[in-house]
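A.B. asks: build the 3D model from these lines:
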Amino acid sequence: MDEELRERLRTAAASHRPDRARMLARIERGMAQEPPARPARAPRTPMPWLRIAGATVAVCGVLTAGALAVTSAGREEPTSGQRVAAEPVPTAPSSPSGPRGAALPAGRGPLWSDGSLDPNSNSYWAQSEVVVKTTEKLSGLTVELRIAQNGGVNTTGSWRSLPEGDFEVSVREEEGYLVYRWALKPGRSVPVGTHTFAGQYNHDEGTRDTGRDDYTARARTTGGPAAVGGDFGDTR
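C.D. replies: Below is the predicted model:
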């Protein structure tokens, strides 16, 4: 059976004749037809991270430009004539309100002084005060207060606002005056400031004439000696 089947197949193959012309015509028709056009591709869009990066770069550029503008504005030099240099202006000591004070003219010395009667003075007792103001440290100072002997004047004491141990103090009668004297000891100094020297005394009952009372203050400064003085006017 197998041999017979093979024989039939060989006979059928030998009798087959392909239609060559028909085959060529089919091929030509196929080649003549244009291939279908490919659909157009949509334009590529940047990836999301690329868009974010681009926006960040743009913002940074704007901020950088603004910072440069502010920096350049802050570094702008002032025009000529706008710089002002303040220099300290020395001032002379102001005058007090006490009566008949005495001082050197402003700008010519470091000392200023004033003489006055203490408001607590009365018909039997009085206190005369000398105020000395210095704008320099003093290496020497002598203050003398002279109270005229015009009726029962005798001392009851004295005091000063500076340390007691810095001064030699004396009280004596001299040519019709009761004289109080404060002398700065060697090696001591008087600081810048306002200092008070006071002499206390009794007198006859009633109103005492102070028209002849006076005082002086002599000092040693860095610029040399200086002196001031004055009186007390007609007070009780």
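A.B. asks: so residue 182 sits right up against residue 164, yeah?
C.D. replies: No: using CB atoms under 8 Å, residue 182 is not in contact with residue 164; the gap is 10.1 Å. Using the backbone N, CA and C atoms, a C-beta is placed for each residue, glycine as well.
A.B. asks: and residue 113, how many neighbours?
C.D. replies: 24 (other CB atoms under 10 Å).
A.B. asks: for it, pull up the helix or strand it's in.
C.D. replies: strand 111-117 (DSSP states H and E).
A.B. asks: C-terminal to that strand, what's the next element?
C.D. replies: Strand 111-117 is succeeded, C-terminally, by strand 125-134 (DSSP H and E).
A.B. asks: ok, which stretches of the protein are helices?
C.D. replies: 2-15, 20-32, 48-74 (DSSP state H).
A.B. asks: in this protein, what helix or strand scores lowest on average pLDDT?
C.D. replies: The weakest-scoring helix or strand in the chain, judged by mean pLDDT, DSSP states H and E, is helix 48-74 (a mean of 40).
A.B. asks: and residue 202, what is it in contact with?
C.D. replies: Contact analysis of residue 202 by CB atoms under 8 Å, 6 or more residues apart in numbering lists 124-125, 152-154, 156.
A.B. asks: just give me the least confident of those.
C.D. replies: Ranked by pLDDT, those bottom out at residue 152 (93).
A.B. asks: neighbours of that one, how many?
C.D. replies: 12.
A.B. asks: I figured it hits residue 178, correct?
C.D. replies: No: Residue 152 is beyond contact range of residue 178, at 11.0 Å (criterion: CB under 8 Å).
A.B. asks: where in the chain is pLDDT low?
C.D. replies: Along the chain, the parts satisfying pLDDT under 70 run over 1-2, 12-108, 233-236.
A.B. asks: same thing but at 80, please
C.D. replies: 1-108, 233-236 (pLDDT under 80).
A.B. asks: before we move on, the earlier item: and the strand holding residue 113, what does it pack onto?
C.D. replies: Secondary-structure packing of strand 111-117 (3 or more CB pairs under 8 Å, 6 or more residues apart in numbering; DSSP states H and E): strand 102-103, strand 125-134, strand 214-221, strand 224-231.
A.B. asks: any buried residues in the last one, and which?
C.D. replies: This points to strand 224-231. 226, 228-231 (16 or more other CB atoms under 10 Å).
A.B. asks: and which of these is nearest to residue 209?
C.D. replies: residue 231 (11.8 Å; CB to CB).
A.B. asks: and the gap between residue 185 and residue 170?
C.D. replies: 13 Å (CB to CB, to the nearest Å).
A.B. asks: check residue 125 too.
C.D. replies: Distance from residue 125 to residue 170, by CB to CB: 21 Å.
A.B. asks: ditto for residue 118
C.D. replies: From residue 118 to residue 170 the distance is 21 Å (CB to CB).
A.B. asks: for residue 155, same thing?
C.D. replies: 11 Å.
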